[in-house]
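Asker: just the structure for this:
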Amino acid sequence: MPEIKEIVINTGPLLALIAALGDLSFLKSLYKRVLVPLEVCQ
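Answerer: Predicted coordinates:
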C-alpha cells in the first residue's frame, strides 16, 4: 500500500478531530502536507 503524503481536509472532519482530540497537531506526524480549502479556513 503506498504511503499517503498529503491530505485535503474539509470542515466536517476538521471539526470532529478538534472536538475529539482538542487540536490537529497529530496530523503533522501522519502527512507531509495538510491542505485546507480557503472556504474552510474562512
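Asker: so what does the spatially most central residue of the chain have for phi and psi?
Answerer: Nearest to the mean C-alpha position of the chain, counting by C-alpha atoms, centre = their mean, stands residue 9 at 4.9 Å. Phi and psi for residue 9, reported as degrees, to the nearest 10, are phi -120, psi 140.
Asker: okay, now the unreliable bits of this protein?
Answerer: 1 (pLDDT under 70).
Asker: one more time with 90, if that's ok
Answerer: Applying pLDDT under 90 to the chain flags residues 1-4, 24-30, 39-42.
Asker: does residue 8 touch residue 40 like I think?
Answerer: No: counting by C-beta atoms under 8 Å, residue 8 stays clear of residue 40, with 9.5 Å between them. Every residue, glycine included, has its C-beta placed from N, CA and C.
Asker: those two - which one has more neighbours?
Answerer: Set residue 8 next to residue 40 and count neighbours by other C-beta atoms under 10 Å: residue 40 wins out with 15 against 10.
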